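**Student:** Structure for the following, please:
(2 chains)
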Amino acid sequence: MQQPQGPTTPSPPPALPDLGLLFDLTPLPLLIISPAWRITRASSRFLTDWHVSAADCIGQQLLSFIESQLLPPRFAHYGRLTTAIDDAIASRAPRISKPISTKHTVSWTARVVPVFNGDELLSIFLEWTESPASSSEEDLELVKPGVSTDEAFRILVQAVKDYAIFLLDTKGRIASWNDGAELLKGYKRHEIIGKHFSIFYGKEDLEIRKPEMELEICMREGRVEDEGWRYRRDGSRFWANVVITAVYKDGVHVGFGKVTRDLTERKSAESRLIAAYEESEKLKSDFLANMSHEIRTPMHGMLSACTLLLDTPLSDKQRDIVNIMDESGQVLLQVINDILDYSKLSSGTFSIHSDIVGITSIVTSVVRSVQATLSPSVDFELFLAPDLPRSVQGDPLRYRQVLHNLVGNAAKFTAKGSIRVRASVQREDETSYVVLTEVTDTGIGIPEAATASLFTPFTQFEATTTRGTGLGLSIAKSLTELMGGTIGYRPNPERHGSVFWFTTRFDKIKTLEQMQNWKKKLVESDVTTTPIQEDEITNLRRELGLVASRKNLLVVEDNVINQKVILGMLRSIGLKNVVLASNGLDAVKIVRGKPAAYDLVLMDINMPVLDGYEAAKQIREAGVYVPIVAMTAYALKGDRERCLEHGMNDYIPKPVDKNRLIKILGKWLLIMTDYRKTFEERLANLKRQHAASLKETPESDKPGLHPHVQTPDLSATSEPTPQPTPDDEDPLSAASAINAQPDTTEEVNGVPAADIDEPIQNDSGAGLDATVSQGPSPSHEPLEDTPKASNSASLDATGPQVPGLEQEPLEAIPKADSGPKLDMMSTQGPLPSEEPVEAVTKAGSGANPDIMGSQEPLPSKEPLEAVAQLAAKPVEGDTPPWA
Amino acid sequence: MPEFGDHVDPAIFEQILEMDEDETRDFSQPLVFNFFEQTQETFAKMDRALAKQDLKELSALGHFLKGSSATLGFTKIRDSCQVIQQYGNELNMDGTREPSQDVCLKKITEAIKTAKHDTADLEKMMNKFFKNSEQ
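**Tutor:** Numbers count the residues shown, from 1 in each chain, chains lettered A, B, ... in the order given. Below you'll find the model as predicted:
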């Protein structure tokens, strides 16, 4: 290599050829660049080797030219060149750069020679040398195919013993065979070449055309991987991992490369592990389930003993200690129950029941129960979307369990601020609802790192919060999934705290019939748990006294002493038409004999011949839906559910407390809609009534029949739906018109209502019984409308606070509503006018504020409209109001 | 009703007395004496069942008499009946299984004895009570 001694374009001395020509013809790839790094000259060899023309480079900035020549992923390489140039200039000495890869898959190193005249940089020479192959690790992939390398690879492949590596032609016939393949598959090279590779596959794989499919996929995707059994020459099999790669040469498909590994050992180790894991899981679950039972039994014993101990005279200190024992025991029991649930869930033996679900009543009751444990600085907010269905089909206990867990957690971890529970319909289709329930708190929140494992069993997100088992959320998750929903967490978007939400799929209740069958079961009665207020009882008792003479009861009880006492209690309330049965079988016979005769059945459970559960079941099977109230000494929590399961409607503990009995009777004889009327029939009645009222000229009240004036608050709180008619100013006639609606039957019978009142009101009911027992025909029910006149007289005396509950006229009561006992439910906003039932609940005279969801669902607007209009148009000759 | 001591739950028995009309004991008195008749019949049946070691029958009888004694608020008798019912079902009082029939029979024998004793005591008290109220 020549190093020019002078400036780039010196005038040529006569004895020498033109220096420029010499430079051009030098058989080296040379570049000359100016001090500003612009290319001023390039040798012919350079242009040839770099596949560029003079125009491509002369006058260009060196770096932009080099950059345009680099192999795309190697842009960083030009830094290698600039480093060398900078070094050369700084040291005024030649430097050699590291190799740079150009797009013609050639790597070049530059020898950089700076040319100085004194301190002035005149020019820089770059002499390029093709760098040796694989001079750096990054260039390994750029190794050019060479005979020696190919040979090396061939030997390598051939010699590998742990892998079967071979080539297939495009049709899948075997083209090469290495030692590994021979060892693994047992075929000699000459035996197998030319055979189709499907020879290694088992019968099942061949039946599903697996070999062909693998090649197809491989052609499409370039590669396919599979694990499965492959067969050796001797018929034995091994678990193989197979990778097939499509092989192309110059863009033409020439065949497939196939690599097979024997994973039999790994496979069997895997299955042993899995089996061991499953076995241990099962043992764990079984153990948990067994232990839970074993622990629970003595726990119940201990807790019962605590309860008994608390009933004995104790000093304050002793009482404190026993209370601690009792509370700790309760907590422990909850923990054990959690574990049992968890073990059931994880062993897959947990089942979801299908029953009627009153979402609003469950939500309110959960909130109420948790509220009691809450610190006073925490507010509870409850939002129930107005479109939330009143009742749906699903598992009420599990829904409650999940909600209770989330709300309970929120209460645990929220010291101040608020807890908000919101339930709404997320989606709805023909047959189901997806209900979204959210619990938002302003508590301690969840650290971000913990959110991933929130729903994992046995995790608690903070060491300091070691309360409970850490199973609650995991159980909630499993339950939610069993109910076709999902569960999740997000931070409270407004402030510090958490939002836990879950969705649940509920089926729509399909038929009205189903509704009828279930509506009684829906009753979430607090009758047996809430403290009973005296005046409430007094009112109820008076109201019961008014209707008592025409109510017919069946008491089923085997003990004659108990019979006498219950009869005595009923008599003291005024209920004298009581039939006795001393075992379940008699009861079933009696009810089947007169399916519409009884307004209520009080049923002992443990009886000879046929017990109460079975009797209730048979009565339901006979198609009779008379309310059945279980009387039982069983005080356990599940007993009430068991009664409901067997078709009973309610439960009263023994020994029967009179006030509780009055509440139960009040509910079933006064508040609940009569079972003998189906919804359609009542609707039809309303419509007939309505039609009749339109035809007939309204008359003013007949003072003789109801001389009293209606309670003033009735008109005061009348629904503000103005229906201007001449009778508007008379709220009494409005109310009475509604309440007269069951009386349409009298028109049907051709007997004026007023005439009927007389004979019946002073009757003790004997004659009625005969009438009713003719059959379950609800459209002929003189029972319904009997002693109105006498009742209203008494009502007058009792004053305005008497809401006057009767069976049928419930629809009228909203107008008499005296106000704000809606508690949390009021967040639903103003009562939609198409919801008479809702209104009734609130109007429940304070006697029964908790029967949310227990009311007859009225799926249509019509009845209310009818009522509203009826309210404005009293029927001619209407009877005195309900009272 | 201090005169009955812990034999009687006053709240329950009071409800029974309230069912009397006017100032008489026309309802409660015959009821209570019917109850004592019932106890005698039941004790006789219990003795027979005990002789036959018929635990099931004993449990049923215990339940039966428990019902009426509970209704009247006669707590001591009720509690003995509970014992009889429980061990008749071969269960301990805490609901765990009692494997030994001998233990069950022994417990029942004791409970019947206690119940008879309590019944006799209570009957005397009741006789006195109703006699007083007649005056």
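**Student:** Domain-wise, how is chain A divided?
**Tutor:** Domains of chain A are assigned by automatic domain parsing as A:19-141, A:145-262, A:268-346, A:355-510, A:515-671, A:679-872.
**Student:** ok, of these, where does mean pLDDT dip lowest?
**Tutor:** For the domains of chain A, the bottom mean pLDDT is recorded on domain A:679-872, which sits at a mean of 40.
**Student:** Worst mean pLDDT across the helices and strands of chain B, which element?
**Tutor:** Here the helix or strand of chain B ranked lowest by mean pLDDT, DSSP states H and E is helix B:10-18, holding a mean of 88.
**Student:** Does anything pack onto the helix or strand following that one? Which helices or strands?
**Tutor:** For helix B:10-18, the succeeding helix or strand toward the C-terminus, using DSSP states H and E, is helix B:28-51. The contact analysis (3 or more Cβ pairs under 8 Å, 6 or more residues apart in numbering or on different chains; DSSP states H and E) places helix B:28-51 against helix A:560-573, helix B:10-18, helix B:55-72, helix B:101-134. Yep, even glycine has a C-beta here, placed from its N, CA and C like the rest.
**Student:** export helix B:28-51 as CSV, just CAs?
**Tutor:** Coordinates of the C-alpha atoms in helix B:28-51 are reproduced here as CSV (Å, rounded to 0.1, in the frame of the first residue of the first chain):
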residue,chain,number,x,y,z
SER,B,28,-105.2,-23.1,83.0
GLN,B,29,-106.2,-25.3,85.9
PRO,B,30,-107.6,-28.2,83.9
LEU,B,31,-104.7,-27.8,81.4
VAL,B,32,-102.1,-28.2,84.1
PHE,B,33,-103.9,-31.1,85.6
ASN,B,34,-104.2,-32.7,82.2
PHE,B,35,-100.5,-32.2,81.9
PHE,B,36,-99.9,-34.1,85.1
GLU,B,37,-102.1,-36.9,83.8
GLN,B,38,-100.0,-36.9,80.7
THR,B,39,-96.8,-37.1,82.6
GLN,B,40,-98.1,-40.1,84.5
GLU,B,41,-99.1,-41.9,81.3
THR,B,42,-95.8,-41.0,79.7
PHE,B,43,-93.7,-42.0,82.6
ALA,B,44,-95.4,-45.4,82.6
LYS,B,45,-94.6,-45.8,78.9
MET,B,46,-91.1,-44.7,79.6
ASP,B,47,-90.7,-47.3,82.3
ARG,B,48,-91.9,-50.0,79.9
ALA,B,49,-89.6,-48.8,77.1
LEU,B,50,-86.7,-48.7,79.6
ALA,B,51,-87.4,-52.3,80.6
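**Student:** pLDDT (mean, whole number) over that helix?
**Tutor:** Here the average pLDDT along helix B:28-51 is 93.
**Student:** which parts of it are buried?
**Tutor:** For helix B:28-51, the buried set under the neighbour-count rule, 16 or more other Cβ atoms under 10 Å in any protein chain shown, comprises B:28-29, B:31-32, B:35, B:38-39, B:42-43, B:45-46, B:49-50.
**Student:** hmm, who's touching that helix?
**Tutor:** A:559-561, A:564-565, A:568, B:16-17, B:19-20, B:57-58, B:61-62, B:64-65, B:68-69, B:72, B:74, B:77, B:84, B:105, B:108-109, B:112, B:115-116, B:119, B:123, B:126, B:130 (Cβ atoms under 8 Å, 6 or more residues apart in numbering or on different chains).
**Student:** between that helix and helix B:55-72, how big is the angle?
**Tutor:** Helix B:28-51 runs at 160 degrees relative to helix B:55-72, counting by axes from the mean of the first three to the mean of the last three Cα atoms, to 10 degrees.
**Student:** and the end-to-end length of stretch A:477-488?
**Tutor:** Using Cα to Cα, to the nearest Å, the end-to-end distance of stretch A:477-488 comes to 8 Å.
**Student:** which bits of chain B sit near chain A?
**Tutor:** Taking Cβ under 8 Å from any Cβ of the partner chain as the test, the list of chain B residues beside chain A reads B:12, B:15-16, B:18-19, B:27, B:31, B:34-35, B:38, B:60, B:63-64, B:66-68, B:70-73, B:92-96.
**Student:** Would you tell me which helix is longest in chain A?
**Tutor:** For chain A, the helix with the greatest residue count under DSSP state H is helix A:264-310.
**Student:** which helices and strands does the next helix-or-strand element following it pack with?
**Tutor:** Next along the chain after helix A:264-310, taking DSSP H and E as the criterion, comes helix A:316-346. Counting contacts by 3+ Cβ pairs under 8 Å, 6+ apart, helix A:316-346 is packed against helix A:264-310, helix A:472-482.
**Student:** and the next element down the chain from helix A:316-346?
**Tutor:** Per DSSP H and E, the first helix or strand lying C-terminal to helix A:316-346 is strand A:355-357.
**Student:** in its sheet, what does that following strand sit against?
**Tutor:** Each strand paired with strand A:355-357, and its direction, by DSSP bridges: strand A:392-394 (antiparallel).
**Student:** Run a quick neighbour tally on the nearest residue to A:Lys185 once chain neighbours are set aside.
**Tutor:** Closest residue to A:Lys185 apart from its sequence neighbours, by Cβ to Cβ, 6 or more residues apart in numbering or on different chains: A:Arg232 at 5.5 Å. As a burial measure, A:Arg232 scores 14 neighbours (other Cβ atoms under 10 Å in any protein chain shown).
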